[in-house]
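Engineer: When you get a sec, could you give me coordinates for this:
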Amino acid sequence: MALIRDIAQVCKSKNAGPFELTIDVVFADDATFERVRASGVLGPALFARLYGVAEADVLFTPYPAGRAFKATLPRLVPAGEIGDTDVYGAQQHAPLLEVDIPP
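Structural biologist: Below you'll find the predicted structure:
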């Protein structure tokens with residue numbers, strides 16, 4: 001097994017407007033990207049589970065040309081609203097860092 005934090009070149013999050021969050025996971029080479037894609041681990045179900053949203057609300061896009069995966073999902077608290085702990089959405093990728101990808 002390999003953790004996303006050990007095999008991804010980039011794993012980042014950011015606001016996609018005040019009500020949505022975008023998470024990008026980018027790999028350095030085609031082989032690693034294809035290995036992750038073939039595993040089926042990264043997908044709407046994973047993001048729904050990690051972020052407490054409905055799977056149907058996760059827009060998940062593999063982008064082979066960029067060796068990347070992008071997920072856009074609703075924020076549980078709008079950016080800047082009372083109770084928001086990350087107004088820019090820049091720290092929301094952290095749960096992904098511990099995800100295991102099988103060999």
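Engineer: Would you map the helices across the protein?
Structural biologist: Ranges of helices in the chain, per DSSP state H, are 4-7, 30-39, 44-51.
Engineer: Those: which one's closest to I101?
Structural biologist: Closest of those to I101 is helix 30-39, at 5.4 Å (criterion: C-beta to C-beta). All C-beta atoms are positioned from the backbone trio N, CA, C, and that covers glycine.
Engineer: what's in contact with that closest one?
Structural biologist: Residues outside helix 30-39 that contact it (C-beta atoms under 8 Å, 6 or more residues apart in numbering): 7, 25, 27, 42, 62, 64, 67-69, 101-103.
Engineer: Make JSON lines from the helices of the chain and add distance to P78, mean neighbour count and mean pLDDT to it.
Structural biologist: Output for the helices of the chain, formatted as JSON lines (distance: least, C-beta to C-beta, whole Å; neighbours: other C-beta atoms under 10 Å; pLDDT from 0 to 100):
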{"stretch": "helix 4-7", "distance to P78": "27", "mean neighbour count": "15", "mean pLDDT": "96"}
{"stretch": "helix 30-39", "distance to P78": "31", "mean neighbour count": "15", "mean pLDDT": "96"}
{"stretch": "helix 44-51", "distance to P78": "15", "mean neighbour count": "17", "mean pLDDT": "97"}
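Engineer: who wins for proximity to L21 among the ones you listed?
Structural biologist: Counting by C-beta to C-beta, L21 lies closest to helix 44-51 out of those; the figure is 7.8 Å.
Engineer: Who are the packing partners of that closest one?
Structural biologist: Helix 44-51 makes packing contacts with strand 68-74 when contacts are defined by 3 or more C-beta pairs under 8 Å, 6 or more residues apart in numbering; DSSP states H and E.
Engineer: Pick out the residue closest to the middle of the protein.
Structural biologist: The residue lying closest to the centre of the chain (C-alpha atoms, centre = their mean) is I23, at 3.9 Å.
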